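Q: How does the following fold in three dimensions:
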Amino acid sequence: SKGNMAFAGKYEFEGDENYDAFVQKIGLSSDKVEMGRNCKIVTEVVQNGNDFTWTQHFPGGRTTTNTFTVGKEAEMETMGGKKFKATVKLEDGKLVADFPNYRHTAEICGGKLVEVSAQKPGLVHKKTKTSRA
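A: As a prediction, this is how the structure comes out:
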């Protein structure tokens with residue numbers, strides 16, 4: 001059912017595809033690129049209905065947190081630390097957000113958190129995270 005979107009949990013980075021090409025295309029600085037490469041980021045999702053707190057825990061104690069409500073505009077922060085406004089939507093059980101230069105989707109597949117950042121045309125960065133919950 002469309003109503004079943006249980007995202008809450010802690011997810012550990014498992015692997016990604018097309019990271020380098022993607023971050024170069026969106027203009028991430030090389031130090032940020034290295035920091036993000038194979039980074040054992042833990043994503044923690046707290047969900048209360050349509051309200052989400054989405055926290056990325058980086059090695060070394062740094063965190064970034066985005067708080068949003070599905071269907072309402074919220075201030076968000078990109079991988080590179082830029083602030084912007086976006087409205088997260090729910091489409092076919094996926095959370096979808098349009099970042100300044102890419103579209104980000106997140107869904108739960110077989111207990112794993114799968115995040116896809118797609119830049120038009122056709123460059124896709126896919127991250128898979130395994131639940132530790």
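Q: Residue 20: which element?
A: helix 19-25 (DSSP states H and E).
Q: Tell me the helices and strands packed up against that helix.
A: On a contact count with 3 or more CB pairs under 8 Å, 6 or more residues apart in numbering; DSSP states H and E, helix 19-25 meets helix 30-36, strand 112-119, strand 123-131. Bear in mind the C-beta positions are built from the backbone N, C-alpha and C, glycine included.
Q: The nearest residue to residue 78 once chain neighbours are set aside: neighbouring residues, count only.
A: Nearest residue to residue 78, sequence neighbours excluded (CB to CB, 6 or more residues apart in numbering): residue 99, at 5.9 Å. Close neighbours of residue 99, defined as other CB atoms under 10 Å, add up to 17.
Q: same deal with residue 45?
A: Neighbours of residue 45 using other CB under 10 Å come to 19.
Q: Sketch out the low-pLDDT regions of this structure for me.
A: Residue ranges of the chain with pLDDT under 70: 1-5, 36-39, 79, 120-123, 132-133.
Q: give me every residue that touches the residue nearest the centre of it.
A: The centre of the chain sits closest to residue 115, judged by CA atoms, centre = their mean, with a distance of 5.5 Å. Applying CB atoms under 8 Å, 6 or more residues apart in numbering to residue 115 gives the contacts 43, 104-106, 126-127, 129.
Q: Many thanks, I have nothing further to ask.
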